[in-house]
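# Sequence plus predicted model, see below.
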Amino acid sequence: MAAQPIFILREGSKRTHGSDAQHNNIMAAKAVAEAVRTTLGPKGMDKMLVDAMGDVVITNDGATILKEMDIEHPGAKMIVEVAKTQDAEVGDGTTTAAVLAGELLTKAEDLLESGVHPTVIASGYRLAAIQAVKILDTITISASPEDTETLEKIAGTAITGKGAESHKAHLSNLAVRAIKSIVEKDENGKITVDIEDVKTEKRPGGSIKDSEIVEGVIVDKERVHTGMPEVVKDAKVLLLSVPIELKKTETKAEIKITTPDQMQLFLDQEEAMLREIVDKVIDTGANVVFCQKGIDDLAQYYLTKAGIFAMRRVKKSDMDKLSRATGGRIITNLDEIDESDLGYAGMVEEKDVTGSRMTFVTGCKDSKTTSILLRGGTEHVVDGLERALEDALRVVGVALEDQKIVVGGGSPEIELSLRLKEYAATLKGREQLAVTKFAESLEVIPQTLAENAGLDPIDMLVEMRSQHEKGNKRAGLNVYKGKIEDMFENNVVEPLRIKTQAINAATEAAIMVLRIDDVIASTGGGRAAPGGMPGGDMEDMM
Ligand SMILES: Nc1ncnc2c1ncn2[C@@H]1O[C@H](COP(=O)(O)OP(=O)(O)O)[C@@H](O)[C@H]1O
Ligand SMILES: [Mg+2]
């Protein structure tokens, strides 16, 4: 009797097995890494990303590109995850991490082809990553939190290549000052930086050098009524998350009015109710009101008469910042306001910033709130500046927390590669092959930096290796001159954490992709079956 086939998967599910599955995933992951590769380094190119709405983003920031690309292939998504984690943990080095992951997989493929089992590759890669972190520790340079100059160099390195070169010094200075104003030290002297304490507001117009730090909160809005004071000193700030309006009935209600008197009565009644709400606000003693919801026209009039500065439809994120800065509590019920719920700011001022009004809340109770007002020619310019500045803020924060830095320009990768090859020689068995491949993979960073700068990668790698062999541990690629030089003297420095995180995240992702030997995809939702030949989706993506 012939055996009945047994179906264990839902009809239409797709399944790819063994080396096919592996190959597809690796191909997809490599394609993603390849896509961001040309953006690496100061001479990297930009990508123009257009979303379904037609909005355009021009960037060379790895995390942004991968986020906007909307990638679907499961193998490819692993690389996107690497960039996302890198972005969340350090805020910079996202391209590096993605490119490294891609290269680890490329090299792993060679090993797979020569019959090395994925498990062996995985354990070799793990060993190599652990050793790499140890080696990095021997080449770190310590950076003191007081050393503003070095911190500015770190910020400058992060900004390099992001279209803000000409104002690098100014932006680096802003980033360092902003971060320094928000550092927290615990009793053991341990520094923590909460990046949330720095808020950036961008406004096209003016020049990049007009960008400035504001010690406090900037709200991109104006007061509801021009009769209200433009400037309030010694502001007692009320933060409301409820509207200053009459409640509308949930269901449709009808009131039958038969005489004009009744109409007047109804209006008077409504006015009185509104007056009551406004009085509650005025009675708190506040002279500045930030309301997350609406403020009725009549209420605006009463508030104006009371000499109060009021703003409506303030964003939730702004409300939170204001609450933190002024020490005020966000009120959800008008009947429960107490004077102690009010926050304090030395000054609330509405100002004109190139044709539109912005409100500056300064001299706050909590001085650890800093804003940066970014200026620049056009919308795209300020958007680019914001991404550059964000990277700078993050790396300065990380550098202050860890106080450990390394030089850049491909220098640590070359040193690691050489030391790891020596380490591989001490190992027995096939893991040795995997560690060697890992060591070779690291060279993809200096190689790509050279390629993107239009230099000959082989010449550059040979020269870098020989300098490092001579003990010149800070030798890296000066992409502008096409020469191998001391990167510390070139002011190219980065937090150590960028490198350790990139190596760990890339290794984990590569291992994860390697270990998959079966892709089972249900076809629910009608999306393109993932795990199949990446050809289709990948070509679309490129
Ligand atoms: N002035 C410079 N000279 C040489 N290399 C640099 C310079 N500035 C930055 N780099 C290198 O560029 C790489 C970072 O490139 P970047 O495009 O910012 O990608 P990522 O997203 O990985 O941060 C790092 O290896 C860094 O050391
Ligand atoms: Mg960077």
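All right, it came through fine. Numbers count the residues shown, from 1 in each chain. Ligands and ions are numbered 1, 2, ... in the order given.

# Now Glu413: which helix or strand?
helix 411-425 (DSSP states H and E).

# Please list the outside residues in contact with that helix.
By C-beta atoms under 8 Å, 6 or more residues apart in numbering, the residues outside helix 411-425 that reach it are 128, 131-132, 135-136, 139, 406, 432, 435-436, 438-440, 442-446, 461, 464-465, 468-469, 473-477, 487, 499. The C-beta positions use only the backbone N, C-alpha and C, and glycine is treated the same way.

# buried ones in that helix?
Across helix 411-425, burial judged by 16 or more other C-beta atoms under 10 Å covers Ser411, Pro412, Glu413, Ile414, Glu415, Leu416, Ser417, Leu418, Arg419, Leu420, Tyr423, Ala424.

# again, but for stretch 281-292
Buried residues in stretch 281-292 (16+ other C-beta under 10 Å): Val281, Ile282, Thr284, Ala286, Asn287, Val288, Val289, Phe290, Cys291, Gln292.

# Counting neighbours, what do you get for the residue of the chain found nearest ligand 1?
Nearest to ligand 1, among the residues of the chain, is Gly408, at 2.2 Å (C-beta to the nearest ligand atom). If you count neighbours by other C-beta atoms under 10 Å, Gly408 ends up with 30.

# Quick check: closest non-adjacent residue to it.
Val492 (4.3 Å; C-beta to C-beta, 6 or more residues apart in numbering).

# Surely the one you found and Leu477 touch.
No. Under the criterion of C-beta atoms under 8 Å, Val492 makes no contact with Leu477, lying 9.2 Å away.

# Now for these two: what residues contact both?
Joint contacts of Val492 and Leu477 (C-beta under 8 Å, 6+ apart) are Gly409.

# the more surrounded of these two?
Between Val492 and Leu477, Leu477 has the larger neighbour count (other C-beta under 10 Å), namely 32 against 26.

# Spit out the contact partners of that one.
Gly409, Gly410, Ser411, Pro446, Leu449, Ala450, Ala453, Leu455, Met460, Met464, Ile484.

# Kindly report the same for Val50.
Val50 sits next to Val56 when contact means C-beta under 8 Å, 6+ apart.

# For it, name its beta-bridge partners.
Val56 (DSSP bridges).

# near ligand 1 at all, the helix holding Glu413?
No. Figure legend: helix 411-425 not in contact with ligand 1 (C-beta under 6 Å from any ligand atom); closest approach 7.5 Å.

# which element follows that helix toward the C-terminus?
Downstream of helix 411-425, the next assigned helix or strand under DSSP H and E is helix 431-442.

# which strands and helices sit next to that next one?
Under the contact definition 3 or more C-beta pairs under 8 Å, 6 or more residues apart in numbering; DSSP states H and E, helix 431-442 sits against helix 94-113, helix 118-138, helix 411-425.

# Just the CA trace of the last one, in CSV.
Think helix 411-425. C-alpha atoms of helix 411-425 as CSV (Å, rounded to 0.1, in the frame of the first residue of the first chain):
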residue,chain,number,x,y,z
SER,A,411,42.8,51.8,12.3
PRO,A,412,41.3,49.6,15.1
GLU,A,413,39.9,47.2,12.5
ILE,A,414,43.4,46.6,11.0
GLU,A,415,45.0,46.2,14.4
LEU,A,416,42.2,43.7,15.3
SER,A,417,42.6,41.8,12.1
LEU,A,418,46.3,41.4,12.6
ARG,A,419,46.0,40.4,16.3
LEU,A,420,43.2,38.0,15.5
LYS,A,421,45.2,36.2,12.9
GLU,A,422,47.9,35.6,15.4
TYR,A,423,45.2,34.4,17.9
ALA,A,424,43.8,32.0,15.2
ALA,A,425,47.2,30.4,14.9
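
# got the residues of this structure near ligand 1?
Counting by C-beta under 6 Å from any ligand atom, the chain comes close to ligand 1 at 39-42, 44, 60, 62, 92-96, 157, 160-161, 408-410, 445, 449, 477, 479, 492, 494.

# These in strands, which ones?
Of the positions in the residues of the chain next to ligand 1, Leu477, Glu494 sit in strands, assigned by DSSP state E.

# For burial, what's the neighbour tally of Gly54?
6.

# let me redo that: Glu11
So Glu11, with other C-beta under 10 Å, has 7 neighbours.

# How about the secondary structure of it?
coil (DSSP: H, G, I helix; E, B strand; the rest coil).

# now swap in Ile405 and tell me
Put simply, Ile405 is strand when judged by three-state DSSP.

# sorry, back to before: tabulate the buried residues of helix 411-425 in TSV, adding columns for pLDDT.
Output for the buried residues of helix 411-425, formatted as TSV (pLDDT from 0 to 100):
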residue	pLDDT
Ser411	96
Pro412	97
Glu413	97
Ile414	97
Glu415	96
Leu416	97
Ser417	97
Leu418	96
Arg419	96
Leu420	96
Tyr423	95
Ala424	95
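
# Out of those, flag the one nearest to Val198.
Top of the list for closeness to Val198, among the buried residues of helix 411-425 and by C-beta to C-beta, is Pro412 at 28.0 Å.

# Show me what the helix or strand Asp391 falls within is packed against.
Asp391 is located in helix 379-402, with elements delineated by DSSP H and E. On a contact count with 3+ C-beta pairs under 8 Å, 6+ apart, helix 379-402 meets strand 56-59, helix 148-159, helix 168-180, strand 191-192, strand 198-204, strand 370-376, strand 493-495, helix 496-515.

# Gly41 versus the residue nearest to Gly408, what's the distance?
As judged by C-beta to C-beta, to the nearest Å, Val492 and Gly41 stand 10 Å apart.

# same thing with Val406?
Counting by C-beta to C-beta, the gap from Val406 to Gly41 is 16 Å.

# again with Gln131
With distances taken as C-beta to C-beta, Gln131 is found 26 Å from Gly41.

# ok, the two, which is more surrounded?
Gly41 (25 against 20).

# Surely that one and Leu449 touch.
Yes. Assessed by C-beta under 8 Å, Gly41 is found in contact with Leu449 at 4.2 Å.

# between those two, what contacts are shared?
Val479.

# Going by residue numbers, what spans are helices in the stretch 201-350 of the chain?
Assigned by DSSP state H, counting those that start in this stretch, the stretch 201-350 of the chain shows helices spanning 260-283, 297-305, 316-326.

# ok, and for the shortest one, which residues are buried?
Right, the one you point to is helix 297-305. Leu298, Ala299, Gln300, Tyr302, Leu303, Thr304.

# Pick out the most distant pair among those.
Across those (C-beta to C-beta), the longest gap, 10.6 Å, separates Leu298 and Thr304.
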